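Participant: Provided below for reference: sequence and predicted model.
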Amino acid sequence: MFRLYKTLASPPVRVRATLPSLTCTKLYYSSQPERNALFEKVLIANRGEIACRVMRTAKKLGIKTVAVYSEADVHAQHVKMADEAYLIGPAPSAQSYLDINKILDVARLTGSQAIHPGYGFLSENADFADRVTNEKIAFIGPSGDAMRSMGSKSESKFIMEKAGVPVVPGYHGENQDVGFLKEQAEKIGYPVLIKAVKGGGGKGMRIVRHAGEFEEMLESSRRESIKSFGDDKVLVEKYLEHPRHVEVQVFADKHDNVVHLFERDCSVQRRHQKVIEEAPAPGLSEEIRALLGAKAVAAARAVGYENAGTVEFIMDNIDKQFYFMEMNTRLQVEHPVTEMVTNTDLVHWQFEVASGNRLLLNQDQLKLSGHAFEARVYAENPLNNFLPDTGPLFNVRTPATSEDLRLETGFVQGDQISVHYDPMISKLIVRGEDRNDALRRFRRALEEYQVVGLTTNIDFIKKVAEHPEFIKGEVETGFIQQFEKDLLKAPEAPNPETLALAATALRLQEIRQLKFNKQDPQSPWQSLDRPLRLNNMETTKTTLQSHDGESYDVYMTTSAKADDKSPHLVDVEIKQSGSTDIIKKYEAVDSYLDEEGLVISSLDNKKVKSNVVLHNDDVIIFDEFGRTNMKLPTPAYVAGGVSGADGAGSVKTPMPCKISQVMIKPGQKVEKGDAIIVLEAMKMEHVIRAPMDGVVDQVLYNVGDLVEENKSLVMFAE
């Protein structure tokens, strides 16, 4: 028996997020003949953003909440928000969030009447749903039988065919022989898609474009599938070259009522995982929209579905024909865009249905209102194949929330994004009166969302939202690959105005620090009656280094216009390091820090507001040109002591990870592009390939080893 630790929950943390108003809910009840009381206490078997999301609705409804957490999440926001919180194990999810026995022990201990699984972890585990029900505890989701029917991609295809729901041509049977599957792929015609039968979130999914790579892709799919789902069975189906991912939100109660809440488009994806979602889907006729809804309802009825679910379709963007892909038997990550355009709270609906009550609205009462976008904000580097990042949220500024702008998050400034779990930081959801209105508001909100401390995909999402084809609504699942030259291009040279703002901001922060030091009577700065000037009494120089290694010198000289009223006026000159040519000159620049810590500057007779953050040696500037990353050069006396022990002939880890498979050994010859090591990070596999032809000299880690970022994995002989 494990030891159970209870933590006294802190007062609820104020999170900047809003949900649709519940004031109209009482009107819905008036049409119901009888209504069961909602639960008194609910356990949320999850963490992060979704746990906080469920808790906010629960608190609005007067429902007490119980959180569970791992050792890695002891200071997490969902722990602080809950009325009670219990430690259930170490960081690995298999020993904590996936441990059914521990979660049920907490439910019994706390007298929880229901369990909400959120999404991910145990949310689509049919055995978990059955065990919760057998404990006489309400499972806030569908039955285990419905999960089994829809959780198997092969079985669900047969069910859908019988229900009259169109399915993609392919093989969904039991024969898993490699040769047989390869024959089926050839019959279907390349390209084909290999998918884990129990997959989700893009895990275990591989595109195969020709027969020569089928076996390698199949093995990779099976390896990832067994780790993620405990099952390596796959199906093979036709891969559409111009597909859209369109899904329909459905809801069903115990009284044979089933409705759809219209569709969402989730076509903008990387690694088969969604990045931007919108509702309703652009460019669909009312006839197609109605047919999608009808087929989704038929799919739910075919398995006796209850509670929230999403029927996912793949749509050919040429002829708009759509095919059943899978059903997610849980609340989706992107459910807020549906809430925004239907004025509903789907977590509230979940509580009602799980309590035995009828749906709050029937199909005729559900109407679309406006348009909404959702961005999944990840800790990842889009310019490095979207590899995940970990670390602290050192500095965070978010857009102001309102009824039309929500920020769903489980993290605040100072929190850590852990290597153990999914790297999603938050979801930004914006609504407008129509698609153009919503898109304009969406882009503005992305400009105002600023994160320092780790790499995020915010700038990338903004580039997508600004792309002409996205603005036109021309989206498909290959959108990112199709326009990667536009979306993933390296940053341009910094604007001179940005360099001036950075240097003046650093100067202001230095002055503020000097004033702080002068408060100490023992400080040597106490004798100063004016800010210190570096180098000499007239001019200071700040050197900033850009991403491509170019250095810029910013000279600030006390302006002739400076006086007692404006003592900090400076003339600014910008030069490329080593050059005497002036790139740009600004006269009488006046800058100050406002109450929020933003830099207000006067440049060329215009007022400019910017946010400049110094994090270690990094200087990050947010201004009208977007985000610019600069560095303060490492002093020569420090750089001279840095060892180059790794050498040039090595392969390094692109992120913190675990070694999943090693396919080489010392002395082995490899060719450029050969798979040499498989890493596991953020629940995904990443194949490391040889960067050149050569001979392996050393393999520095073994299977199972945990390795930090930027560590050498393999050394090649010279």
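Facilitator: The structure has been received and is ready for your questions.

Participant: which residues does residue 502 contact?
Facilitator: 542, 544, 554, 612, 619, 621, 628, 630 (CB atoms under 8 Å, 6 or more residues apart in numbering). (Glycine included, C-beta is placed from N, CA and C.)

Participant: so what's the residue count around residue 310?
Facilitator: By other CB atoms under 10 Å, 25 other residues sit near residue 310.

Participant: and it, that's in a helix?
Facilitator: No. Secondary structure of residue 310 (DSSP: H, G, I helix; E, B strand; the rest coil): strand, not part of a helix.

Participant: doesn't residue 332 make contact with it?
Facilitator: Yes. Assessed by CB atoms under 8 Å, residue 310 is found in contact with residue 332 at 4.8 Å.

Participant: list the residues that contact both of the two?
Facilitator: 247, 249.

Participant: what's in contact with whichever strand or helix holds residue 179?
Facilitator: Secondary structure from DSSP states H and E places residue 179 in helix 178-188. The contact list for helix 178-188 (CB under 8 Å, 6+ apart) reads 169-171, 175, 192, 208, 211, 214-215, 218, 234, 236-238.

Participant: what count of nearby residues applies to residue 104?
Facilitator: Residue 104 has 20 neighbouring residues, counting by other CB under 10 Å.

Participant: contacting residues for it?
Facilitator: 131-132, 135, 137.

Participant: same thing but at 7 Å, please
Facilitator: Taking CB atoms under 7 Å, 6 or more residues apart in numbering, we find residue 104 in contact with 131, 135.

Participant: which parts of the strand or helix carrying it are buried?
Facilitator: Under the criterion of DSSP H and E, residue 104 resides in helix 100-110. The neighbour-count check on helix 100-110 (16 or more other CB atoms under 10 Å) flags 102-107, 110 as buried.

Participant: CA-only coordinates of it in CSV, if you can.
Facilitator: The C-alpha coordinates for helix 100-110 follow below in CSV (Å, rounded to 0.1, in the frame of the first residue of the first chain):
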residue,chain,number,x,y,z
ILE,A,100,-5.8,3.6,-11.1
ASN,A,101,-5.5,2.1,-7.6
LYS,A,102,-4.0,5.2,-6.1
ILE,A,103,-6.6,7.5,-7.7
LEU,A,104,-9.5,5.3,-6.5
ASP,A,105,-8.0,5.2,-3.0
VAL,A,106,-8.1,9.0,-2.9
ALA,A,107,-11.7,9.0,-4.2
ARG,A,108,-12.7,6.6,-1.4
LEU,A,109,-10.7,8.5,1.3
THR,A,110,-12.3,11.9,0.3
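
Participant: off-centre distance for stretch 287-297?
Facilitator: Stretch 287-297 sits 29 Å away from the centroid of its parent chain (CA atoms, centre = their mean, to the nearest Å).

Participant: now do that stretch, average pLDDT.
Facilitator: The average pLDDT within stretch 287-297 is 97.

Participant: any buried residues in it, and which?
Facilitator: Here stretch 287-297 shows 288-289, 292-293, 295-297 as buried, counting by 16+ other CB under 10 Å.

Participant: same question for stretch 447-454.
Facilitator: Within stretch 447-454, judged by 16+ other CB under 10 Å, the buried ones are 449-454.

Participant: please save the CA atoms from stretch 326-342 in PDB.
Facilitator: Provided in PDB are the C-alpha atoms of stretch 326-342 (Å, rounded to 0.1, in the frame of the first residue of the first chain):
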ATOM      1  CA  GLU A 326     -12.100   8.300 -35.100                       C
ATOM      2  CA  MET A 327     -14.100   9.300 -32.100                       C
ATOM      3  CA  ASN A 328     -12.500  10.900 -29.000                       C
ATOM      4  CA  THR A 329     -14.500   9.600 -26.100                       C
ATOM      5  CA  ARG A 330     -13.700  12.500 -23.800                       C
ATOM      6  CA  LEU A 331     -13.700  16.300 -23.600                       C
ATOM      7  CA  GLN A 332     -11.400  17.700 -26.300                       C
ATOM      8  CA  VAL A 333      -8.500  20.100 -25.700                       C
ATOM      9  CA  GLU A 334     -10.200  22.500 -28.200                       C
ATOM     10  CA  HIS A 335     -13.700  22.400 -26.700                       C
ATOM     11  CA  PRO A 336     -13.500  26.200 -25.700                       C
ATOM     12  CA  VAL A 337     -14.000  27.300 -29.400                       C
ATOM     13  CA  THR A 338     -17.300  25.400 -29.400                       C
ATOM     14  CA  GLU A 339     -18.300  27.000 -26.100                       C
ATOM     15  CA  MET A 340     -17.500  30.500 -27.500                       C
ATOM     16  CA  VAL A 341     -19.700  30.100 -30.600                       C
ATOM     17  CA  THR A 342     -22.600  28.300 -28.900                       C
END
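
Participant: quick one: contacts for the residue nearest to residue 114 when sequence neighbours are not counted?
Facilitator: Of all residues beyond its chain neighbours, the one nearest residue 114 is residue 138 (3.9 Å), with distances taken as CB to CB, 6 or more residues apart in numbering. Applying CB under 7 Å, 6+ apart, we find residue 138 in contact with 39, 113-114, 354.

Participant: how about CSV for the residues you listed, with neighbour count and pLDDT added?
Facilitator: Shown next, in CSV, are the contacts of residue 138 (neighbours: other CB atoms under 10 Å; pLDDT from 0 to 100):
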residue, neighbour count, pLDDT
39, 21, 98
113, 19, 98
114, 23, 98
354, 25, 98
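
Participant: sitting in helices, which of those do you find?
Facilitator: residue 354 (DSSP state H).

Participant: got the contacts of residue 138 as TSV, with distance to residue 415 columns?
Facilitator: Putting the contacts of residue 138 into TSV (distance: CB to CB, whole Å) gives the following:
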residue	distance to residue 415
39	29
113	30
114	28
354	30
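
Participant: ok, residue 386 touching residue 271?
Facilitator: Yes. Counting by CB atoms under 7 Å, residue 386 touches residue 271, with 6.3 Å between them.

Participant: who has more neighbours, these two?
Facilitator: For the pair residue 386 and residue 271, the greater number of neighbours falls to residue 386 (19 against 15), based on other CB under 10 Å.

Participant: how about the contacts made by the more buried one?
Facilitator: 270-271, 380.

Participant: gap between it and residue 422?
Facilitator: 13 Å (CB to CB, to the nearest Å).

Participant: from residue 78, how far out is residue 84?
Facilitator: Taking CB to CB, one finds residue 84 at 12 Å from residue 78.
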